[in-house]
Structure formats: structure tokens, C-alpha cells
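# I would like to see how this sequence folds:
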Amino acid sequence: MSINKSQDPKFIAAALASSDDCIKIISLEGALEYMTDGGRRVMEVDNFDDIKGCHWPDLWSDEGNLAAVDAVEAARQGQNSRFTGFAPTIKGNRRFWDVKVSPIFSDDGRVESILSVSRDITAIKNFETEQELLRSELSHRIKNILALVQSLANQTLRNDTDLPSARVAFLERLHALSHAQDLFIKQNQVSTTLKLIVESVTSTQSPDRVQASGPDVYLSSKSSIAFALTLHELMTNAVKYGALSNAGGQVHITWSVEPGDTEGELRFAWTESGGPSVAVPFRKGFGSRMIEKALVGYINGQASITYAPTGLVVEVTAPIAALREI
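Numbering: from 1, shown residues only. Alright, predicted model coming up:
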């Protein structure tokens, strides 16, 4: 005659041991009395005697401790409860748990013990945290971009009263902004490098006309957009009026990281040569304002613009730490 497995203590023990839920019996005073083999495994308990009798709520961190105390009291009153919270394993590894706490009734209807079933949902919690960070970053980035688009529109219209010409200039600047964003999407990161920004902006020119060199310097979205728009303005100016407006001019773009506070300091230089003679303009154009206000403001740095007879020279310095600020 076969034995009903649901009534076989060995089968029940084996079934509980195979579960990754941490199943515990707790006294009405909150003392830990029993833990399944599966529970010991997920809680990294080598010897249950080391924690047997400890006050179960004390295993929980922060708000989880208060929730566990309330859950024990609710079970004493014959009520079920549920909460989530952080509790480290016995070996100190931080875990996030989904916990159900229920009263265990005796034959006469009294609450005699408490059942706690905890499920490790750390992976889910980490995913939710990452998603929240991404949403926050996306919201922050969108607000920055919208503010920048508004500024681009205002500055373009202020600098160019000819509407068709202003429209073309504005669309070109939007394209530069869009291209900078594409670099982030392609890399699936919240940062890109100055080298990639430079290569992207100068890709339409031959290597013998535009030469660039420098180490990998990581930029946040904010810093990369500022550099992309600034380089776009410098390239546009060089093609129309500067070193790239004739057959023999060149542009040299260099950057390095020099010793400074904490992570060091970026030193960036845009140097034109071989183009038409340069003179100080009567009024500042969009590019100058972009460098002196937007770029410097975004990267917490300093900039100088020199209208040397041999060609335009733009030098920028900024703390590396500021370039990575989101």
C-alpha cells in the first residue's frame, strides 16, 4: 500500500529543503526557532545553532526592523502581514526580501507560533533601482536639452536677422546636438569621450586639413553636448572664414590631462594656421558666446579666444571631475 506523500515527513522535509524561500518558525516573543535547509542555504547559514534563539526582527536593517516587529505583533493577534526590506545574510551579503508572516494556530484556535516565508528579490530590487536612476537621468537630460534648444533658438535669431539664413544655422546646430546624443545611444552609456566628439564633428574634413590628438577623456551628457556645439561652431567658422576656407589652411586640435585637484585638469586647444589673416571682430558672434558662456558654464572651466594674425586660437581648461558631472 503506497504512502500519501503529502503526509510523509521525509518528503515534506525534502520539498522544503529544495525551495529557495527562507522558511522559518518564530516564537511569539520573536525568537528564531527553526529554519529550513533551503532557508539556511539562501541565508548562508553554516550552523543554525549560531543564530537559533536570536530575536528575528534584529536581523533586519533600517525600516525592515520596524516592519518585522510589527509583523510579529500582528501574527500574535492572529493576523497575516507582508513587508519588504533589507536583511544581510549571516555572511554579511546584503539582500532584499519579500516577506510573508502568518500565525500558526493550535487545535484549540490559539496562536502558538509564527511562520515567516522570505523570498530573495534582490535582483528585482536592483533592476528597479537601475530603472529609477535611468528615469531620473533621462528626465534631467531632456530638461537640459530643451533648455539648450531654447537657448540655441534665441541666440541664432539674435545673431542673424535674415530668417532663411537663421533657419539654416539653427537646423545645423540642432543636427550637431542630435549627433552628440547619438553617441550616447550607440554606446548605451551615460558618458562618451572627447575623442569621439572631436572625430564626429571633424569627420567631413580630410586628415591633412584637420589633425586631432589626445587621450580618452570621459564626458557626461551635459559636457559632451557643450563640446559638440562649440566644435560645430568652430568648424563652421573655419570653413566659412578661417583656416579651412582656402586650400592650404589647417586646424590642429589637441588636448591633455595635466596634474591638478583630485582627477587632474583638461587642457584643450583649437589652433588654426595657414588661413586668411585674422582680426578681432567688431562684435561677438554665436561661437564666441557659446565658448564663453555655455561651454565654460557647463564644464566649470575657463576659456580664452585669441585672434592671432596667423589664425584663431581657442584654449579651454576644466577640472576632469566637472566634465563627468551629470
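# any idea what the residue nearest to residue 312 when sequence neighbours are not counted is bridged to?
Distances taken as CB to CB, 6 or more residues apart in numbering put residue 272 closest to residue 312, at 4.7 Å, once the chain neighbours are dropped. Using the backbone N, CA and C atoms, a C-beta is placed for each residue, glycine as well. Beta-bridge pairing of residue 272 under DSSP bridges involves residue 251.
# so residue 272 makes contact with residue 248?
No. Taking contacts as CB atoms under 8 Å, residue 272 lies outside contact range of residue 248: 11.7 Å.
# who has more neighbours, those two?
For the pair residue 272 and residue 248, the greater number of neighbours falls to residue 272 (23 against 9), based on other CB atoms under 10 Å.
# quick check: buried residues in stretch 200-212?
200, 201, 202, 205, 209, 210, 212 (16 or more other CB atoms under 10 Å).
# how about stretch 304-321?
305, 311, 312, 313, 314, 316, 317, 318, 319, 320.
# now the host helix or strand of residue 231: how far from the chain's centre is it?
Assigned by DSSP states H and E, residue 231 belongs to helix 221-240. Centre-to-centre, helix 221-240 and its host chain are 25 Å apart (CA atoms, centre = their mean, to the nearest Å).
# same deal with stretch 229-244?
On CA atoms, centre = their mean, the centre of stretch 229-244 falls 33 Å from that of its chain.
# same question, stretch 197-205
Distance, centroid of stretch 197-205 to centroid of chain: 26 Å (CA atoms, centre = their mean).
# so for it, what's the average pLDDT?
Mean per-residue pLDDT for stretch 197-205: 83.
# low-confidence ranges, the stretch 201-326 of the chain, go.
Applying pLDDT under 70 to the stretch 201-326 of the chain picks out residues 283-287, 294, 326.
# hmm, try it at 90
Scanning the stretch 201-326 of the chain with the threshold set as pLDDT under 90 gives 201-208, 216, 218-242, 244-248, 259-264, 277-303, 308-310, 321-326.
# same thing with the stretch 1-150 of the chain?
If you take pLDDT under 90 as the line, the stretch 1-150 of the chain has these spans: 1-20, 61-65, 129-150.
# mind listing the strands for it?
Here the stretch 1-150 of the chain has its strands, by DSSP state E, counting those that start in this stretch, at 22-26, 32-35, 81-88, 94-105, 111-120.
# so which of the ones you listed gets nearest residue 67?
strand 81-88 (3.9 Å; CB to CB).
# in its sheet, what does that closest one sit against?
Sheet partners by DSSP bridges: for strand 81-88, these are strand 94-105 (antiparallel).
# list the buried residues in the strand it pairs with.
Buried residues in strand 94-105 (16+ other CB under 10 Å): 95, 96, 97, 98, 99, 101, 102, 103.
# who touches that strand?
22, 25, 64, 67-68, 71-72, 74-89, 111-122, 124-126 (CB atoms under 8 Å, 6 or more residues apart in numbering).
# mind telling me what element residue 153 is part of?
helix 122-159.
# err, residue 171, not the other one
For residue 171, the element it lies in under DSSP H and E is helix 163-187.
# could you list the domains of the protein?
If you go by automatic domain parsing, the domain ranges for the chain are 5-120, 125-323.
# how far off centre is the shortest one?
The gap between the average C-alpha position of domain 5-120 and the chain average comes to 36 Å, counting by CA atoms, centre = their mean.
# equivalent analysis for the longest one, please.
Using CA atoms, centre = their mean, we find the averaged C-alpha position of domain 125-323 to lie 22 Å away from the chain's own average C-alpha position.
# end to end on it, go ahead and measure it.
End-to-end distance for domain 125-323: 30 Å, by CA to CA, to the nearest Å.
# mind putting the buried residues of stretch 200-212 in CSV, distance to residue 268 and secondary structure included?
Formatted as CSV, these follow (distance: CB to CB, whole Å; DSSP: H, G, I helix; E, B strand; the rest coil):
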residue, distance to residue 268, secondary structure
200, 16, helix
201, 13, helix
202, 14, helix
205, 18, coil
209, 19, coil
210, 15, strand
212, 11, strand
